[in-house]
Each structure stands twice: as structure tokens, then as C-alpha cells.
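J.: Pasting a predicted model and its sequence here:
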Amino acid sequence: MILSIESSCDDSAIAITEIKTKKLLFHKKISQELEHSVYGGVVPELAARLHAEALPKILAECEPYFKDLKAVAVTSSPGLAVTLVEGVTMAKAISISLGIPIIGVNHLVGHIYSLFIEKETKFPCTILLVSGGHTQVMQVNSLEDIQTVAKSMDDSFGESFDKVAKMMGLGYPGGPLIQELAKDGDRKKHNFTIPLSQSPLIAFSYSGLKNAVRLAVEKAKDNSEYKDIAASFEHIATAHLTQKLKKYFKTNPPKRFAIVGGASANLYLRSQIEELLKPHNAELLLSELKYCSDNAAMIGRVAIEMYEKNMFKSLDDIDISPKSSL
């Protein structure tokens, strides 16, 4: 079995995964959303302190599995420096005390493998990663062959939802709150401009749209107008993604496509991607909703393949890399 740890941001999670069957034997996550919601976003120092409290509590529940562990895996990049340290420090302690090797996992690769928890992989696949920190399109052929073909030039898709929710005083995390508010709104009420619509670049940008929404919020007479703003924002934010994907598909038609990351739980985004893929008869892969956000199960699933390829790190070599990407 492999014990995996995730602490890249504001979720403390540990999982136990059986190597041979890929079965998830244990998974527990303690979310910090309530503690951070009063600040409208994640406070790194608070997150680190909460990880220091939560991770040992979860680890204590894993003790019955210790005798069967063959490796310990941990998210080592990217993420918040002060929270990555909490997980890596725990992983090092486990490696030393149990005499097992350590595996450092890239969090973004973890999101890719959230598609395959308790399943076999399906590659090659074109993947859209949408989260609080990243928006990018990747062509994935294998664990060791991942090519980023497009990414955000500024804010990410998920980050823009969080910031719009903060403008409206809705709380954190913003994604589910905006989605709920948008359900009763008019998507055509506000004619926000689709970012980079005239640009030949296959890239993403949300800073301009975010500013347009801010102006609309400031002009609103009261919060009864927020539902239309939320709906229009969600529509344009998604249209930006589908427009650029459509351009990419002209030269790279997809046979298999997937959406991963915390914001992949957005139901409007899922519906629009389904429509986009119909002309191509492409297979759409989606993570279970419970595995869209950060979790240790996805880290454990990557770790199985890394274990089989002997992709271990020495205690001296494994270190955090907060800004790394794919």
C-alpha cells in the first residue's frame, strides 16, 4: 500500500491506496473553508497552522495500515510554500520511522489522475485543468509525456470565481456560490466582452472580465441584481474557454477529452464542454465530484505509477517547489 498526503493549499488529506488493485482503502479530508471564508480567501499562515493540527489527527487513523506500507507519497509542488512544508515534513518523518521510500508528486499531475482513482488510465487525452491557481490545456500521452499547449496569462478560471464572489460579499470558496446564484440569473443581461476573442493566441485571460464584473457590481442598485451579474459572468468565463478550445480543435481534433481541477465541478462548464465535443464524437472523461477539489486519493493514484517506475526521492532531494508547473 501507499500512504499519500495532500496539503498544497487549504485541504488536509491523507489516503491509503493498494498498489496492485488501485483500490482506495482509506481517504479522509479536513477542509478549512469555514476558517478562511471570513477573510474571503485563503490566509497562508492560518492554513499552515490548521494543517499542523489536522494532519496528525488523520494520520493516527491510518496506523493499522502502517505494516503494509511500501512507500509514502506527498504533494511537493506547486502550492503555498508554508502548507507544502507541512505535508513534506510529515512524509519525511514517516519515511524515516517506517523505513520506506518517499515519492514527491506534482499537484497538477494529481488532478490529471483524479480521473483514474480506482481505475486504469486512459491515454492519450487532451485535458483542461481549471482550478483556483491554474487554467491550462495539456496533451497527455503518459505520466512522463505531458505537454502544456495553452495556459492563463493572468488570473485562473477558478480564481476569477473566487474574486467575483468576494466582490459580492458572498464568501469563500466562490465557485459553488456563484454557480448557485447564477442558476436564477439572466446570462444575457450583461454583455461582458469575451477575453481575447479577436486574438489568434490560444491562451486564457480573466483579469479584464474580472474588472468588467467589478464595475457592474459597483453600479448595481442592490444585491438583487447580483444573480444576473453572476449568470452573465459564468456564461462569458465559460465561453472564453470553449472559444479557445474550439480554435485548438481545428488543428488538434480531440478523440478523448477531460476536465479536471476544483472548478471542473461547475455544471454549466461541463454542459458547454459536452456541446463543444459533439461534432468530434469525442469521449468526455470527468472526475467524480468528490475528487474534483484537492484530495489525497489523486496523489495516491499518481504514486502507484511512480512507485512502479521507481520514481523515488531521497530525503535530501525532496523539497517543495511552490511555483512549479507542467
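T.: Thanks, I have it.
J.: dump the residue contacts of the closest residue to Leu80 other than its chain neighbours.
T.: Of all residues not flanking Leu80 in the chain, Pro44 sits nearest, at 4.9 Å (Cβ to Cβ, 6 or more residues apart in numbering). For glycine as for every other residue, the C-beta is placed from the backbone atoms N, C-alpha and C. By Cβ atoms under 8 Å, 6 or more residues apart in numbering, the residues touching Pro44 are Leu80, Ala81, Val82, Thr83.
J.: nearest to Lys151, of those residues?
T.: Taking Cβ to Cβ as the measure, Leu80 is the one of the contacts of Pro44 closest to Lys151, at 19.6 Å.
J.: Does the closest one touch Ser8 like I think?
T.: Yes: using Cβ atoms under 8 Å, Leu80 is in contact with Ser8, at 6.8 Å.
J.: Of the two, which one has the most company?
T.: Taking neighbours as other Cβ atoms under 10 Å, Leu80 and Ser8 compare with Ser8 leading, 30 against 22.
J.: hang on, the more buried one in a strand?
T.: No: using DSSP: H, G, I helix; E, B strand; the rest coil, the secondary structure at Ser8 is coil, not a strand.
J.: in stretch 278-288, what counts as buried?
T.: Within stretch 278-288, the residues that count as buried by 16 or more other Cβ atoms under 10 Å are Ala282, Leu285, Leu286, Ser287.
J.: again, but for stretch 150-161
T.: Ala150, Lys151, Ser152, Asp155, Ser156, Phe157, Gly158, Glu159, Ser160, Phe161.
J.: Contact partners for the residue nearest to Ala303 when sequence neighbours are not counted?
T.: Excluding the flanking residues, the one nearest Ala303 by Cβ to Cβ, 6+ apart is Ala73, at 3.4 Å. Residues in contact with Ala73, defined by Cβ under 8 Å, 6+ apart, are 2-5, 91, 102-105, 299-300, 302-303, 306-307.
J.: right, and out of those residues, which lies closest to Glu120?
T.: Nearest to Glu120 among these is Val302, at 13.8 Å by Cβ to Cβ.
J.: hang on, isn't that closest one packed against Val105?
T.: Yes: in terms of Cβ under 8 Å, Val302 counts as a neighbour of Val105; the distance is 5.1 Å.
J.: which one is Pro253 nearest to, not counting chain neighbours?
T.: In space, and not counting its chain neighbours, Pro253 is closest to His280: 5.4 Å by Cβ to Cβ, 6+ apart.
J.: OK, contacts around that neighbour?
T.: Listed by Cβ under 8 Å, 6+ apart, the contact partners of His280 are Phe249, Pro253, Pro254, Lys255.
J.: ok, 7 Å please
T.: His280 is in contact with Phe249, Pro253, Pro254, counting by Cβ atoms under 7 Å, 6 or more residues apart in numbering.
J.: Next, work out how far apart the first one and Ser199 are.
T.: Pointing back at Phe249 there. According to Cβ to Cβ, to the nearest Å, Phe249 stands 17 Å off from Ser199.
J.: one step back: out of the contacts of Ala73, who's nearest Glu144?
T.: Glu144 lies nearest to Met306 out of the contacts of Ala73, by Cβ to Cβ, at 9.8 Å.
J.: wait, doesn't the closest one sit right on Gly104?
T.: No: counting by Cβ atoms under 7 Å, Gly104 is not a contact partner of Met306; they are 8.7 Å apart.
J.: Could you tell me how many residues sit around Gln198?
T.: 6.
J.: What pLDDT is listed against it?
T.: Listed pLDDT for Gln198 reads 94.
J.: give me phi/psi at it?
T.: Dihedral angles phi and psi of Gln198 (degrees, to the nearest 10) take the values phi -100, psi 0.
J.: Also Ala73?
T.: Ala73 adopts backbone torsions of phi -120, psi 150, taken as degrees, to the nearest 10.
J.: and Ala93, how many neighbours does it have?
T.: Ala93: 12 neighbours (other Cβ under 10 Å).
J.: Now do it against Ile100, distance only.
T.: 12 Å.
J.: in a strand, that's where Ser114 is, yeah?
T.: No: read with three-state DSSP, Ser114 is helix and lies in no strand.
J.: Number the residues from 650 up from this point.
T.: Fine by me, first position is 650 from now on; the one you just mentioned is Ser763.
J.: my read: it touches Gly910, true?
T.: No: shown here, Ser763 and Gly910 do not form a contact pair, counting by Cβ under 7 Å, at 8.4 Å.
J.: any shared contact partners between these two?
T.: In contact with both Ser763 and Gly910: Cys941, using Cβ under 7 Å, 6+ apart.
J.: just how off-centre is the helix or strand of the chain with the lowest mean pLDDT within its chain?
T.: Sorting the helices and strands of the chain by mean pLDDT, DSSP states H and E puts helix 682-686 at the bottom, at a mean of 91. Between the centre of helix 682-686 and the centre of its host chain there is 18 Å, according to Cα atoms, centre = their mean, to the nearest Å.
J.: Name the residues of that helix that are buried.
T.: Glu684, His685.
J.: neighbours around the nearest residue in space to Ser970 that is not next to it in sequence, how many?
T.: Leaving aside its sequence neighbours, Ser970 sits nearest to Ser726 (Cβ to Cβ, 6+ apart; 3.6 Å). Residues near Ser726, counting by other Cβ under 10 Å, number 20.
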